[in-house]
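Novice: Here is a sequence with its predicted model. Questions after.
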Amino acid sequence: MDSSTSRYKFSLATEGQDPELRQMVRDNPVHGRISVSFEREPNFFYGASIGNKFRQVLICNDSGDDKIIGIGARSVFDAYINGLPVSCGYLSNLRINAQFRSQTILARGYQFLYELHRDSRTKLYLTSIISDNHYVKQILTSKRMGLPFYRDYGLYNSYLIPLRGTRYRLNKTHVRRAQYSDMPAIAQCLQGNAKQKQFYPVYLHNDFQSSNGFLKGFNFADFFLASRNNRIVGVMGMWDQRAFKQIVVRGYSQALGTIRPLHNRVAALFGSVKLPEIGSNLAVTYAFAIAVENNDVNIFEQLLAAVCNEANRRQCDYLAVGLHSRDSLCQGIKKIQHFLYKSNLYVVHWEDGTAEFDALDKRVPYLEIATL
């Protein structure tokens, strides 16, 4: 599929354009109080494919030299919406080189996206925008230039928990590593608890045995299980994606950059969280497929402690945990040191998705941070 303008050409990326795609995410960090680039070495498509049953990478080329000047991604996965498994979309990786940023290119890009959307794979999409990025939020939610509806669905909290030198105690609830014989019970726990959340991904028994890249790099033994009376009451995975996804610190806001040296001196004295150096490649691993019976915070805390301890043992610097701000499990993280990175979650749709959006009930949203 190809859509052209007088100067700019929109199309779908191919594997042969991988080096340029990796350059795009490297050179176009996400700005906020802490600016970071979400990099995809050694292959852009490895990170773009995980957690998705279908994905398309959109590109915009300058016809003058045929260089890629903008990218975006559309993916589709199976999720529980109002307790039922249906197809849901996710829009991500929107990047445009600074010298080419204009509302005209953005509008034409969304026209091309709409052409793709007409394949009827899904009616609703999710996307997140860093809360500090007011400029992008203002443009994308303007409802102008033929853009789809961006419906604010609350705040999404990304927690970075520092790990080095920290040991978390386990008590009350028995927590252990998963074995393959646990697979049916894990699938049942995930399914039962996932239905209580809005947009929780559908994970089937076969997904953990497939080699198709859907859960690339995830080891089934990295599921941690909480049990009571010989029954699994909580699941949390640890997904180490450093082999194909990286988070690199690219800068700080003027205010944060000014106080950073003093902050780090104080942090060193009291053993609290330091702000990393610019250029640091953060050794991050992800909490994955969080499912806790009755959203029990105590069970969540024990699973979190076990995952933190294992990630620390593997010399990870941070554990990333993603929860919607309305999720009561957030209470289990407030007690420990962390960085909090806030985004606005949006449900995106065109006119053909209005009825589906209006039908959404009040379940707490869940967004899988490991697949963003």
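Specialist: Nice, I can see it.
Novice: Distance check, N309 against Y135.
Specialist: Distance, N309 to Y135, using Cβ to Cβ, to the nearest Å: 40 Å. In this view, the C-beta of every residue, glycine as well, is placed from N, C-alpha and C.
Novice: Tell me which of those two has more neighbours.
Specialist: Legend: neighbour count by other Cβ atoms under 10 Å for N309 and Y135, higher for N309 (18 against 10).
Novice: thought that one was touching I161?
Specialist: No: judged on Cβ atoms under 8 Å, N309 makes no contact with I161 at a distance of 11.4 Å.
Novice: Flag the shaky bits of the stretch 251-372 of the chain, pLDDT-wise.
Specialist: In the predicted model, the stretch 251-372 of the chain carries no residue with pLDDT under 70.
Novice: now the helices for it?
Specialist: For the stretch 251-372 of the chain, helices defined by DSSP state H, counting those that start in this stretch occupy the ranges 254-270, 297-313, 354-358.
Novice: before we move on, what about the stretch 51-200 of the chain?
Specialist: So, for the stretch 51-200 of the chain - with DSSP H, counting those that start in this stretch - the helices run 103-117, 134-140, 183-194.
Novice: Contacts for the shortest one next, please.
Specialist: Here helix 134-140 makes contact (Cβ atoms under 8 Å, 6 or more residues apart in numbering) with Q103, L106, I129, I130, S131, L147, Y150, N344, Y346.
Novice: so who does the fourth one touch?
Specialist: It refers to I130. V30, H31, G32, V136, Y341, K342, S343.
Novice: Turn these into a markdown table, columns for distance to Q179 and neighbour count.
Specialist: Converted to a markdown table, the contacts of I130 look like this (distance: Cβ to Cβ, whole Å; neighbours: other Cβ atoms under 10 Å):
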| residue | distance to Q179 | neighbour count |
| --- | --- | --- |
| V30 | 39 | 22 |
| H31 | 44 | 16 |
| G32 | 41 | 20 |
| V136 | 45 | 16 |
| Y341 | 34 | 20 |
| K342 | 37 | 15 |
| S343 | 36 | 23 |
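Novice: Check those and tell me the two furthest apart.
Specialist: Using Cβ to Cβ, the pair of the contacts of I130 lying farthest apart is V136 and Y341, separated by 15.4 Å.
Novice: now Q196, nearest residue through space, not along the chain?
Specialist: R363 (6.5 Å; Cβ to Cβ, 6 or more residues apart in numbering).
Novice: And S227, by the same measure?
Specialist: H174 (5.3 Å).
Novice: Near that neighbour, how many other residues are there?
Specialist: Counted with other Cβ under 10 Å, residues neighbouring H174 total 14.
Novice: ok, it touching N230?
Specialist: No: if you go by Cβ under 8 Å, H174 and N230 don't touch, sitting 9.4 Å apart.
Novice: Kindly state the pLDDT recorded for the residue nearest to S227?
Specialist: At H174, the model reports a pLDDT of 87.
Novice: Count the residues that sit near the residue nearest to V175 when sequence neighbours are not counted.
Specialist: Spatial nearest neighbour of V175, chain neighbours left out: A306 (4.6 Å); criterion: Cβ to Cβ, 6+ apart. A306: 21 surrounding residues under other Cβ under 10 Å.
Novice: Would you mind measuring from A306 to F300?
Specialist: 11 Å.
Novice: Equivalent analysis for A243, please.
Specialist: Counting by Cβ to Cβ - A243 and F300 are separated by 28 Å.
Novice: Ok, T141 next?
Specialist: 32 Å.
Novice: Settle it for me: which of these two has more neighbours?
Specialist: Shown here are T141 and F300; by other Cβ under 10 Å, F300 has more neighbours (27 against 17).
Novice: can I assume that one is in contact with C330?
Specialist: No: look at F300 against C330 with Cβ under 8 Å: they stay out of range, at 9.6 Å.
Novice: In stretch 358-370, which residues are buried?
Specialist: Across stretch 358-370, burial judged by 16 or more other Cβ atoms under 10 Å covers L360, R363, V364, P365, Y366, L367, E368, I369, A370.
Novice: wait, which of these is closest to F220?
Specialist: A370 (14.6 Å).
Novice: mind listing what the nearest residue to that closest one once chain neighbours are set aside touches?
Specialist: Counting by Cβ to Cβ, 6+ apart, Y286 is the residue found nearest to A370 once chain neighbours are left out, at 3.8 Å. By Cβ under 8 Å, 6+ apart, the contact set of Y286 is M238, W239, D240, Q241, L319, A320, V321, I369, A370.
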